[in-house]
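[1] Okay, here's the prediction I keep looking at, along with the sequence it came from:
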Amino acid sequence: MLQGMGVNVVQDEVVGIDAQKKNVTTADGKAFDYDKLFMATGSSSFVPPIEGSGLDGVMTLRGLPDAEKIKSAIGAGVKNVIFIGAGFISMETATLISEHGDPGLGLTVVELMDRPLPLMLDKEMADKVQTYLEEKGLRILTGKTVEKITGDNGNVTGVRLASGETLEADVVFMNVGVRPNTQLAQDIGLEMAQFGIKVNEFQETSNPDILAGGDCVEKFNFITKQPTPGQLRGPAVVQGRLAAKRLAGYDIPFPGVLDAGGCKMFDMTITATGLTEESAAKEGFETVSAVVDSRSKHGMIPGMKPWTIKLVFDKQTQKLIGGQIVSQAVHPAREIDAVTAFILGGKTIPELTCFTSACNPDISSEPSAEPITIAAEQALQKLKN
């Protein structure tokens, strides 16, 4: 499609950039001149310095080749798979293997913090997820530190915890974060920040002819205005579009990130945006929050599924700063997009008590039970305490 629009598409690795001559060199020796350059070098899986992480059978997931490797590894003779880290990639991978793998496969998730999905959910919301997944057969160990990955003849055999317990494993899946790919940028002297390449609000680097976006650049949080990695697909797409608009003569600044995201595990969908209560407290906010149980349809309609929403507000300004949804149906979880819009719009507790949604018995609970409104009503009452 791009080639049909006059875009020259070259599939090759860029191995060098000459910022003085303004050209890039690919692995096959070709050189391409540029007037303006956009860097989107992405990120790579971070493997923590745990002894044994180089053993055969220790895997990460960042792209299709990794997925194919994992799929081929979960075959005959594999009895136990351990997942280090309970972020959404680990959890989704574990549930997919549970659904499509050998029914007798032992699947264990080991998480350092006190709950699964610790960056997305507060404890009371994460507890719902953990209970559900354990009922589905996953073993989830929280508050555990991995001390060593054990092996024999170069192959993984288990995971030893700081407690001294060793868990048997034929495959260890490790996904505890990513690191920005910044080597090319560093080689040409671009200014670096704490979480990647330093860019301004228009995606411009310290070199006026080079722009950058996506996982390789540092972003800022919309609420706190503080630097953050923001390594999700949504911000990367927006930054690419804004860079293109900048080159076309538009001046549209990047608004910052809310780290809005979601994941699906079996029939449960989890979404979140903005700050959790825990992360808000670390940023110095005094919060007021509300948790509301809701329904995917009117209570009298067959096929109704339960879901729960939590909203987090800044007590001082009364502005909405975060939301979390745990749902047994997919479409209620998309209400997180409304929460994101309200955060971007600076909506307050009193304003949200007046929110009304598009209602129909087959697609929502009754108007008197709109969960965002009910959460705002509860938060309003808590302000008096």
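    Nice, thanks for sending it over.

[2] Is it correct that residue 69 falls within a strand?
    No. Judged by DSSP: H, G, I helix; E, B strand; the rest coil, residue 69 forms no part of a strand; its state is helix.

[3] next one: phi and psi at residue 64?
    Dihedral pair for residue 64: phi -60, psi -40, per degrees, to the nearest 10.

[4] Next one: it relative to residue 233, how far apart?
    15 Å (CB to CB, to the nearest Å). Any C-beta I mention is one placed from the backbone N, CA and C, and that applies to glycine too.

[5] which residues touch residue 16?
    Applying CB atoms under 8 Å, 6 or more residues apart in numbering, we find residue 16 in contact with 24, 25, 184, 187.

[6] do residue 316 as well
    Residue 316 touches 285, 286, counting by CB under 8 Å, 6+ apart.

[7] and if we set it to 6 Å?
    For residue 316, the contact set (CB atoms under 6 Å, 6 or more residues apart in numbering) is empty.

[8] before we move on, back to that, now, among the contacts of residue 16, which is nearest to residue 317?
    Comparing the contacts of residue 16 against residue 317 with CB to CB places residue 184 closest, at 41.6 Å.

[9] For the closest one, which three-state class applies?
    Using three-state DSSP, the structure places residue 184 in helix.

[10] Now do the strands in the stretch 201-350 of the chain.
    Secondary structure of the stretch 201-350 of the chain (DSSP state E, counting those that start in this stretch): strands at 210-212, 219-220, 227-228, 261-265, 268-274, 287-295, 306-314, 320-327.

[11] in stretch 210-223, what counts as buried?
    For stretch 210-223, the neighbour count (16 or more other CB atoms under 10 Å) marks 210-223 as buried.

[12] for stretch 310-328, same thing?
    310-315, 318-328.

[13] What is the burial count for residue 38?
    By other CB atoms under 10 Å, the residues close to residue 38 number 18.

[14] And residue 82, by the same measure?
    Around residue 82 there are 26 other residues, counting by other CB under 10 Å.

[15] Surely it touches residue 160?
    No. Judged on CB atoms under 6 Å, residue 82 makes no contact with residue 160 at a distance of 10.9 Å.

[16] lowest-confidence helix or strand of the chain?
    Confidence across the helices and strands of the chain bottoms out at helix 64-73, with a mean of 84, counting by mean pLDDT, DSSP states H and E.

[17] now that one, how far from the chain's geometric center?
    21 Å (CA atoms, centre = their mean, to the nearest Å).

[18] now this protein, which segments are flagged as low pLDDT?
    For the chain, the stretches flagged by pLDDT under 70 are 1, 76.

[19] Report the buried residues of the longest helix seen in it.
    Looking across the chain with DSSP state H, the single longest helix is helix 233-247. Of the residues in helix 233-247, 235, 236, 238, 239, 240, 242, 243, 246 count as buried by neighbour count, 16+ other CB under 10 Å.

[20] Let me have those residues in TSV, adding distance to residue 90 as columns.
    Below are the buried residues of helix 233-247 laid out as TSV (distance: CB to CB, whole Å):
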residue	distance to residue 90
235	21
236	21
238	26
239	26
240	27
242	31
243	31
246	36
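
[21] Which single one of the residues you listed is nearest to residue 170?
    Taking those together and measuring to residue 170 by CB to CB, the closest member is residue 236, at 34.5 Å.

[22] For residue 213, see how far away the closest one is.
    Distance from residue 236 to residue 213, by CB to CB: 6 Å.

[23] likewise residue 159?
    37 Å.

[24] Can you show me the helices along the stretch 101-250 of the chain?
    123-135, 183-187, 233-247 (DSSP state H, counting those that start in this stretch).
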